[in-house]
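Visitor: Fold the following for me, if possible:
(one chain, ligands or ions: 1)
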Amino acid sequence: MGGVDRSTFIKLEAEKLITNPNTASIDTGLRRNCRGLTPLDARIEPWMQSVLESEELSGWVAEHGSPLNILHASPLAKNLAAFNRVAADHQLDFQVFFARKANKCLSFVDEATASGAGIDVASLAELQQVVANGVRRSHIICTAAIKEEALLAACVQHGVTIAIDNGDELEQLASLLTNDSSQASIALRLSGFEHDGNRLHSRFGIDIGQFEDFVSRNRGALDSPALSIDGIHFHLDGYSASQRVSAISQCLGLIDRLRELGHVPKFLDIGGGVPMSYLEDKSQWETFWEAHRESLLQRRDPITYRNHGLGFTAIEEKIYGSRNCYPYYQEGVQAQWLEMVLSGRCENKTIATAIRERNLQLRCEPGRSLLDGCGLTIARVVFRKQHPNGDWFIGLAMNRTQCRTSSDDFLVDPILIRSQVQNPAPAIEGYLVGAYCMESELLTLRKLRFPDGVEIGDLVAFPNTAGYLMHFLESRSHQFPLAKNLVITQIEPPQATLDRIDQS
Ligand SMILES: *Cc1c(COP(=O)(O)O)cnc(C)c1O
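Guide: Modelled structure (predicted):
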């Protein structure tokens, strides 16, 4: 603390916080108009704040329709650089492949490519766009869950590595390698790793218990000079760093085994599932779940629609079930998480050393966490009405698939942008509802409070939605058009253009 006593130091730090322009204006401005009954404040990037406060925003929604996805690609480069730094500290040969199924926009392919990342593709269309974009063959991997012949053939044609999931896929690939010059690069996808005395269940990949059998049964294809096993791949469900440590150490044994058999694997690809955090504040996250529990036990008014359990149920004063939501607040995320994996132990050394000593390239395939800070979803308020029980419904020009993953709810407070500065209306509380004709069509299950009311034409912004929330489940039921994707090309003053995915 360099000569400053502790209380002075704390005071100086506190002043820094108060005078930090981002923190201060978000607190007093943007977040003020809409909050959950128990708030969950979003982490907000400076570019998001500029856009939300800009004159241009309402014009963009008027021009392109509601909802509108707004994207900014440069945080991806920053997130990538943090991963690369951690790997460099461990002197690892390291290559990130951006899992583009997390967002369909080509701006992210451009940004990832310009920053040196490869791309993980999960379908023929994703592959074709990436190839057309000029991404080098060495920088593409195909991990599609279903690989029809046209996709396998395109991978062979473009020299793209294929993550092989099963014997049928391998056989079909081998049958395509008929002319003398055709060559295929594959990685074997593995699963069923042991961790803490249990097997990690997966429907994907080759079970490690069946690895020897798989290799010997498919010797014909695997030993063919037209095909090379260039690596081993896995992708685990969930976000546990220690599960990755177990999986990596078991894969290293299989790499050794493949080398004994005369193969030349060059990389180990640990897939995605790198966690990220959407919220500012741990105590808000804990307070929310405590209040939710109290609501389910009927000890306070509901904080979710019709006391939705979000995975939990109350039966006779006890709570059962488990949270069916992404951990929107978590610690040890992104580059820090990678550090936990790489400094994990196996063979009496770190994972990083064990990989390095084998002259392997380490690869990973983050989707969500690379897109942290890269997007907003904006929708226009169309109506307000009050239910006899006092709660309000705020209707937005948007449907639920336009901000949704497999999570029960997006547990992040939306931001309300008023259409005009006017005398505040009375406070109301209620729920955001969407355009699909179902009783369950709520845009958020959480009860929200609007201290100065809501007006028709106001805009609601869902923060940090680039990873999965925009596109993974978007649908065109009722023949509504898909949301447009507008990319910020300049922050001050804001300028934007539609992503190429909307121009095709
Ligand atoms: C979905 C997926 C990823 C990306 O996962 P994130 O959780 O977004 O990091 C990577 N690899 C494979 C094989 C996947 O299916």
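Visitor: which residues sit in contact with Gln495?
Guide: Ile488, Thr489 (C-beta atoms under 8 Å, 6 or more residues apart in numbering). Placement of C-beta: from N, CA and C, glycine included.
Visitor: Could you list everything it pairs with in the sheet?
Guide: In this entry, Gln495 is beta-bridged to Gln490, by DSSP bridges.
Visitor: Next one: it from the ligand, what distance?
Guide: The spacing between Gln495 and the ligand, counted by C-beta to the nearest ligand atom, to the nearest Å, is 29 Å.
Visitor: Likewise for Arg363?
Guide: Distance from Arg363 to the ligand, by C-beta to the nearest ligand atom: 10 Å.
Visitor: before we move on, what about Val96?
Guide: For Val96 relative to the ligand (C-beta to the nearest ligand atom), the value is 11 Å.
Visitor: tell me the contacts of the closest residue in space to that residue that isn't next to it in sequence?
Guide: Excluding its sequence neighbours, the residue lying closest to Val96 (C-beta to C-beta, 6 or more residues apart in numbering) is Ala117, at 4.6 Å. Ala117 makes contact with Leu80, Gln95, Val96, Phe97, Phe98, His139, Leu370, according to C-beta under 8 Å, 6+ apart.
Visitor: I'd like the distance from the host helix or strand of the fifth one to the chain centre, please.
Guide: Secondary-structure assignment from DSSP states H and E places Phe98 in strand 94-99. Put simply, strand 94-99 sits 14 Å off its chain's centre (C-alpha atoms, centre = their mean, to the nearest Å).
Visitor: Verify the contact between Ala352 and Leu92 for me.
Guide: Yes - the pair Ala352 / Leu92 is scored as a contact, 5.7 Å apart, by C-beta atoms under 8 Å.
Visitor: Which neighbours do those two have in common?
Guide: In contact with both Ala352 and Leu92: Leu342, using C-beta under 8 Å, 6+ apart.
Visitor: Looking at these two, which one has more neighbours?
Guide: Using other C-beta atoms under 10 Å, the more surrounded residue of Ala352 and Leu92 is Ala352, with 23 against 19.
Visitor: List, one by one, the residues from the stretch 201-350 of the chain near the ligand.
Guide: Neighbours of the ligand within the stretch 201-350 of the chain, by C-beta under 6 Å from any ligand atom: His235, Gly271, Gly272, Gly273, Val274.
Visitor: Show the pLDDT at the fourth one.
Guide: Read it as Gly273. For Gly273, the model assigns a pLDDT of 98.
Visitor: That one and Phe234 touch, don't they?
Guide: No - contact criterion C-beta under 8 Å: Gly273 and Phe234 do not qualify, at 10.1 Å.
Visitor: Could you give the number of residues near the residue of the stretch 401-504 of the chain found nearest the ligand?
Guide: Among the residues of the stretch 401-504 of the chain, Gly467 lies closest to the ligand, at 6.3 Å counting by C-beta to the nearest ligand atom. By other C-beta under 10 Å, 25 other residues sit near Gly467.
Visitor: Could you pull up the residues touching it?
Guide: Ala102, Asn103, Met276, Gly367, Arg368, Ser369, Leu370, Leu371, Asp372, Cys374, Gly375.
Visitor: ChimeraX command for the buried members of these?
Guide: Restricted to buried positions by 16 or more other C-beta atoms under 10 Å, the ChimeraX selection for the contacts of Gly467 reads:
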select :102,103,276,367,368,369,370,371,372,374,375
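Visitor: any idea which of the contacts of Gly467 is the one closest to Glu171?
Guide: Gly367 (29.4 Å; C-beta to C-beta).
Visitor: Now that we're looking at the residue of the stretch 351-500 of the chain found nearest the ligand, what pLDDT does it have?
Guide: Closest contact between the stretch 351-500 of the chain and the ligand, by C-beta to the nearest ligand atom, is at Gly367 (2.6 Å). Listed pLDDT for Gly367 reads 98.
Visitor: That one contacts Tyr468, doesn't it?
Guide: Yes - between Gly367 and Tyr468 there is a contact under C-beta under 8 Å: 7.2 Å.
Visitor: Return the residues of the stretch 1-150 of the chain in contact with the ligand.
Guide: Ala99, Lys101, Ala102, Asp120, Thr143.
Visitor: could you redo the last one with a cut-off of 5 Å?
Guide: Neighbours of the ligand within the stretch 1-150 of the chain, by C-beta under 5 Å from any ligand atom: Ala99, Ala102, Thr143.
Visitor: Between Gly367 and Tyr468, which contacts overlap?
Guide: Ala102, Asn103.
Visitor: show me the contacts for Val135.
Guide: Val109, Thr113, Gly118, Ile119.
Visitor: wait, Ala153
Guide: Counting by C-beta under 8 Å, 6+ apart, Ala153 has contacts Leu176.
Visitor: can you map out the strands along the stretch 301-450 of the chain?
Guide: 312-315, 318-321, 345-346, 349-350, 361-364, 375-386, 392-396, 415-417, 428-433, 448-450 (DSSP state E, counting those that start in this stretch).
Visitor: mean confidence score for the fifth one?
Guide: It stands for strand 361-364. Strand 361-364 comes out at a mean pLDDT of 98.
Visitor: can you count the residues close to Ala132?
Guide: The burial count for Ala132: 10, using other C-beta under 10 Å.
Visitor: For the ligand, see how far away it is.
Guide: 22 Å.
Visitor: Who's the closest spatial neighbour of the spatially most central residue of the chain, skipping the chain neighbours?
Guide: Residue closest to the mean C-alpha point of the chain, counted by C-alpha atoms, centre = their mean, is Arg368 at 1.9 Å. Closest residue to Arg368 apart from its sequence neighbours, by C-beta to C-beta, 6+ apart: Gly467 at 3.5 Å.
Visitor: From Cys105, how far off is that neighbour?
Guide: Separation of Gly467 from Cys105 (C-beta to C-beta, to the nearest Å) stands at 12 Å.
Visitor: cool, and Arg293?
Guide: 38 Å.
Visitor: cool, Glu286 as well?
Guide: 34 Å.
Visitor: So for these two, which sits in the more crowded spot?
Guide: Neighbour count, other C-beta under 10 Å: between Glu286 and Cys105, Cys105 has more, with 26 against 12.
Visitor: next one: phi and psi at that one?
Guide: phi -70, psi 140 (degrees, to the nearest 10).
Visitor: Over to the one 4 residues further on?
Guide: When quoted as degrees, to the nearest 10, the phi and psi of Val109 stand at phi -60, psi -40.
Visitor: Then Gly36?
Guide: Dihedral angles (degrees, to the nearest 10) for Gly36: phi -60, psi 160.
Visitor: try Glu111
Guide: Torsion angles, degrees, to the nearest 10, at Glu111: phi -60, psi -40.
Visitor: count of residues packed around it?
Guide: Glu111 has 23 nearby residues by other C-beta under 10 Å.
Visitor: for it, what are its contacts?
Guide: Here Glu111 is in contact with Ala73, Ser74, Leu76, Ala77 (C-beta under 8 Å, 6+ apart).
Visitor: how close does the second one sit to the ligand?
Guide: Between Ser74 and the ligand the distance is 19 Å, computed by C-beta to the nearest ligand atom.
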